[in-house]
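Participant: fold the following for me, if possible:
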Amino acid sequence: MPKADLDNENPTILNVSQLPSRRQKTRSARNGPDSKYDHLLFPKQSWPWAPSKTTSSWPSDDDEDEAMEDAYNDEYTEEPIDEQEIYDLISTISDPEHPHTLGQLSVVRLPDIYVTPSPTERLDPQSLRTVLVELTPTINHCSLATVIGLAVRARLEQALPPNYRVDVRMKDGSHAQDDQVNKQLADKERVAAALENDTLRGMLDKMLETCA
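Facilitator: Got it, this is the predicted structure:
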């Protein structure tokens, strides 16, 4: 798009290193010559059913099986999707005007993503959850706000399990016509019709190319 036709010719652009990210919680597996003495440097933790110095006997087989099962479940139980994961899904969407992502342009912001009920609540994995994303256009008269909202909605509906409901809207006061844009994004029939438009569908596909 020619620069003269851009809604915002000079948006603020964040470096990728400035974007929110989840630090890796677990140490990656070590191998190769430098791991030769790992058994000394990183001794394995004792199992929860191992006897202490004051214990005279081992637990029963049933206790041992139960402890093993609990340890396995803790390690492999899938964690509920949280706000950071939602951010990771949509922050890499390309802006329709600029060669940058919605995360780099701060159109998508981590504090403006809400998952309800909270992912910290241990519910049935199939329980209904709602994801609300509030977008902040780079300029309050952005003519492509609805297109950006559609791209975010399409990305989440493709990536999330069916028990997640998606709500995408402009943040209050961020757009001169936020009420109108929000009504369009909330109208399922309008959204479905828009996604069947070949020109618009091509634009959305281009925006989503940068998503992993």
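
Participant: and the strands in this structure?
Facilitator: Taking DSSP state E as the criterion, the chain carries its strands at 113-116, 129-135, 164-170.

Participant: where does pLDDT dip in the protein?
Facilitator: 1-10, 23-78 (pLDDT under 70).

Participant: let's see that with 90 instead.
Facilitator: 1-18, 21-80, 98, 119-126, 195, 212 (pLDDT under 90).

Participant: count the residues that sit near Gln177.
Facilitator: 16 (other Cβ atoms under 10 Å). Any C-beta I mention is one placed from the backbone N, CA and C, and that applies to glycine too.

Participant: report the contact partners of it.
Facilitator: Ala145 (Cβ atoms under 8 Å, 6 or more residues apart in numbering).

Participant: rewinding a little: turn the strands of the chain into TSV, columns for distance to Leu200 and mean neighbour count.
Facilitator: Shown next, in TSV, are the strands of the chain (distance: least, Cβ to Cβ, whole Å; neighbours: other Cβ atoms under 10 Å):
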stretch	distance to Leu200	mean neighbour count
strand 113-116	24	17
strand 129-135	17	20
strand 164-170	16	19
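
Participant: okay if I get those strands as TSV plus distance to Arg201?
Facilitator: Shown next, in TSV, are the strands of the chain (distance: least, Cβ to Cβ, whole Å):
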stretch	distance to Arg201
strand 113-116	25
strand 129-135	20
strand 164-170	17
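
Participant: nearest to Arg122, out of the ones you listed?
Facilitator: Smallest distance to Arg122 across these (Cβ to Cβ): 12.7 Å, for strand 129-135.

Participant: and that closest one with strand 164-170, angle?
Facilitator: Angle, strand 129-135 to strand 164-170, by axes from the mean of the first three to the mean of the last three Cα atoms, to 10 degrees: 20 degrees.

Participant: strand 129-135 packs against which elements?
Facilitator: helix 83-90, strand 113-116, helix 145-159, strand 164-170 (3 or more Cβ pairs under 8 Å, 6 or more residues apart in numbering; DSSP states H and E).
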